[in-house]
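Visitor: Okay, structure incoming, though there's no sequence with it:
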């Protein structure tokens with residue numbers, strides 16, 4: 001596995017552990033349907049929470065949350081729509097971002113709730 005893939009996988013492991021510690025129920029991890037993909041789908045307090053995970057070794061080239069661009073948001077929202085339809089889910093939806101900066105031993109984890117709202121098309 002390429003180093004950047006390993007870093008991403010480690011970041012997702014850390015994010016899942018954090019969410020579980022915060023009382024979230026994990027529904028899916030790396031959910032895919034064709035070209036659509038969601039990093040983490042969880043649930044808490046009757047809300048479906050779609051989590052995008054961004055992992056970086058450092059912030060030399062910017063903050064990880066800055067990588068959640070308008071195009072990425074559109075893809076996440078489209079993928080969420082497919083997820084809701086596939087599983088016939090009728091719950092409120094929230095979009096979060098979990099950022100992980102550093103290495104596995106000393107990561108800096110930031111859980112950003114309501115990181116973005118679906119754009120109006």
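Guide: Sure, I can see it. Keep in mind that this is a model prediction, so the values were computed, not measured.
Visitor: Just the buried positions in stretch 17-36, please.
Guide: 18, 19, 24, 27, 29, 31, 36 (16 or more other C-beta atoms under 10 Å). C-betas here are computed from N, CA, C, even on glycine.
Visitor: what about the closest residue to residue 39 other than its chain neighbours, distance to residue 18?
Guide: Of all residues beyond its chain neighbours, the one nearest residue 39 is residue 53 (4.6 Å), with distances taken as C-beta to C-beta, 6 or more residues apart in numbering. For residue 53, the distance to residue 18 under the criterion C-beta to C-beta, to the nearest Å works out to 10 Å.
Visitor: Common neighbours of the two, please.
Guide: residue 98 (C-beta atoms under 8 Å, 6 or more residues apart in numbering).
Visitor: Run through the strands of this protein in chain order.
Guide: Secondary structure of the chain by DSSP state E: the strands cover 25-33, 36-44, 47-56, 93-101, 108-112.
Visitor: between the ones you listed, which one is nearest to residue 119?
Guide: Distance to residue 119, taken as C-beta to C-beta, is lowest for strand 93-101 among the strands of the chain, at 11.0 Å.
Visitor: Packing partners of that closest one?
Guide: Helices and strands touching strand 93-101, as assessed by 3 or more C-beta pairs under 8 Å, 6 or more residues apart in numbering; DSSP states H and E, comprise helix 3-21, strand 47-56, helix 70-87, strand 108-112.
Visitor: So for the first one, what gets flagged as buried?
Guide: To tie it back to what came earlier, the one meant is helix 3-21. The neighbour-count check on helix 3-21 (16+ other C-beta under 10 Å) flags 7, 8, 11, 12, 14, 15, 16, 18, 19 as buried.
Visitor: Residue 115 reaches residue 97, doesn't it?
Guide: Yes. Under the criterion of C-beta atoms under 8 Å, residue 115 is in contact with residue 97, at a separation of 4.0 Å.
Visitor: Between the two, which has more neighbouring residues?
Guide: Here residue 115 and residue 97 are set side by side on neighbour count (other C-beta atoms under 10 Å), and the busier one is residue 97, at 23 against 19.
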